[in-house]
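> This is the structure alone, sequence omitted:
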C-alpha cells in the first residue's frame, strides 16, 4: 500500500508444495520481498526514499523466523528462504508485523471472510477507499520508543475524500505530554 492504495497485488497458487503454513507464509513473504526491492529503488531514484516497509503477517512462526528468533530446527528444509527473509529484515527492506487474521486485508484473496461487513471493510482498505490499518503492539512500541517519560494519544476524527477517493482533509486530535528524543 502506498498513499492508501495498492501498488502491486497478486493472488496465485504457489508453484511448490509446502509442508506447513509457516513455510507457505515464508515463501509468500519472500516473493513479496522480491517484488518490493525494485519498487523501493524506483521511488528512491524519483526522490522518495522509503523507510523499512511494514508487511502484515498473520502467522507468528513466519514473523519469528524473519527476525531470526524462530526455531531453526523445524525450518531446516526451507532455510534458504528463512535466510533471505532475515536478510531483508536485517537490511531494513521490510519487517513482518504480526497481525490477527481478522485485521489482515490480504485474507480476502486467499480465504473465505465472514461476516459480509468484515469482507466489505477489508475490500475498502485494499481499494484505498478506507485506508485504516491495524496498529499492532509493535507499531505502538516503535511510536513510543522516541518519546521518553511521555504520553501520546492520537485519534483520527474525520477523513474527507473528493469524488476520486483522494484524501482532501484529515482531522486528527492528539495530546502529547513530555519530551521528544531523537
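Received it, and whenever you're ready, just let me know what you need. Since the model is a prediction, treat every value here as computed from it, not as a measurement.

> which element is the closest residue to residue 74 other than its chain neighbours on?
Computed as C-beta to C-beta, 6 or more residues apart in numbering, the closest residue to residue 74 that is not its neighbour in sequence is residue 22, at 7.7 Å. Quick note: C-beta positions are derived from backbone N, CA and C, even for glycine. When elements are assigned from DSSP states H and E, residue 22 belongs to helix 21-45.

> ok, back up a step: dump the residue contacts of the residue nearest to residue 74.
Taking C-beta atoms under 8 Å, 6 or more residues apart in numbering as the definition of contact, the neighbours of residue 22 are 59, 61, 62, 65, 70, 74, 75.

> The second one and residue 98: what is the separation?
To tie it back to what came earlier, the one meant is residue 61. Counting by C-beta to C-beta, to the nearest Å, the gap from residue 61 to residue 98 is 10 Å.

> next one: the third one
Applying C-beta to C-beta, one obtains 9 Å for the distance of residue 62 from residue 98.

> Looking at the two, which is more packed in?
Here residue 62 and residue 98 are compared on neighbour count by other C-beta atoms under 10 Å; more neighbours surround residue 62, at 26 against 16.

> Could you measure from that one over to residue 129?
Using C-beta to C-beta, residue 62 is found at 29 Å from residue 129.

> And the residue nearest the centre of the protein?
Here the mean C-alpha position of the chain is nearest to the C-alpha of residue 55 (C-alpha atoms, centre = their mean), at a distance of 2.5 Å.

> Next, that residue: secondary structure please.
When the structure is split into helix, strand and coil by DSSP: H, G, I helix; E, B strand; the rest coil, residue 55 lands in strand.

> Equivalent analysis for residue 88, please.
helix.

> wait, what's in contact with it?
Counting by C-beta under 8 Å, 6+ apart, residue 88 makes contact with 33, 66, 94.

> Walk me through the domains of this protein.
Following automatic domain parsing, one finds the domains of the chain at 21-141, 146-180.

> pLDDT on the shortest one, on average?
Looking at domain 146-180 alone, the average pLDDT works out to 55.

> same deal with the first one?
Summarised as a single mean, pLDDT over domain 21-141 is 86.

> For that domain, measure first residue to last.
Taking C-alpha to C-alpha, to the nearest Å, the first and last residues of domain 21-141 lie 27 Å apart.

> got the contact list for stretch 67-77?
Stretch 67-77 has contacts (C-beta under 8 Å, 6+ apart) with 19, 22-23, 26, 61, 64-65, 79, 82, 86, 89-90, 95-96.

> which parts of stretch 104-118 are buried?
For stretch 104-118, the neighbour count (16 or more other C-beta atoms under 10 Å) marks 104, 105, 106, 107, 108, 113 as buried.

> How about stretch 48-56?
Of the residues in stretch 48-56, 50, 53, 54, 55, 56 count as buried by neighbour count, 16+ other C-beta under 10 Å.
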